[in-house]
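**Student:** dropping a prediction and its sequence here:
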Amino acid sequence: QVQLVESGGGLVQAGGSLRLSCAASGRTFSSYAMGWFRQAPGKEREFVAVINWSGDSTYYADSVKGRFTISRDNAKNTVYLQVNSLKPEDTAVYYCAAAGTGSWRRTRSSEYAYWGQGTQVTVSS
């Protein structure tokens, strides 16, 4: 069982940056691939980024590639999402999620077993 708590969201102007954090409970955090998703009002939840168990492999959605960076600190049971060069279309609730055994590069929300409650990111133009 893994419990996830996101933080770091807020209101920022276009072009600004934020660092989102996701703190996990449980001693098996390092065995999970960790992903970030986002959901804008009236839209489906979409994949943003994923990182493997050790943190040396990452994968991004095309819409955020080059602007967002996912990382993790297994000693702190925390995964991060650095979001730079923000655009109004990045406005959404951002969720972190933990995936269990199998391939680490998962982009579908159905492939993740545990979810946080989300943190709101609002980008003004």
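**Tutor:** The structure has been received and is ready for your questions.

**Student:** assign the residue most central in space within the chain to helix, strand or coil.
**Tutor:** Centroid check for the chain by C-alpha atoms, centre = their mean gives Trp36 as the closest residue, at 2.3 Å. The three-state label for Trp36, taken from DSSP: H, G, I helix; E, B strand; the rest coil, comes out as strand.

**Student:** what bridges to it?
**Tutor:** Ala49, Cys96 (DSSP bridges).

**Student:** how about Val83?
**Tutor:** Beta-bridge partners recorded for Val83 (DSSP bridges): Leu18, Phe68.

**Student:** surely it touches Gly10?
**Tutor:** No. Checked against C-beta atoms under 8 Å, the pair Val83 and Gly10 is beyond contact range at 10.8 Å. Where you see a C-beta, it was placed from the backbone N, CA and C, and this is true even at glycine.

**Student:** need the residues touching each of the two.
**Tutor:** Residues touching both Val83 and Gly10 (C-beta atoms under 8 Å, 6 or more residues apart in numbering) are Leu18, Val121.
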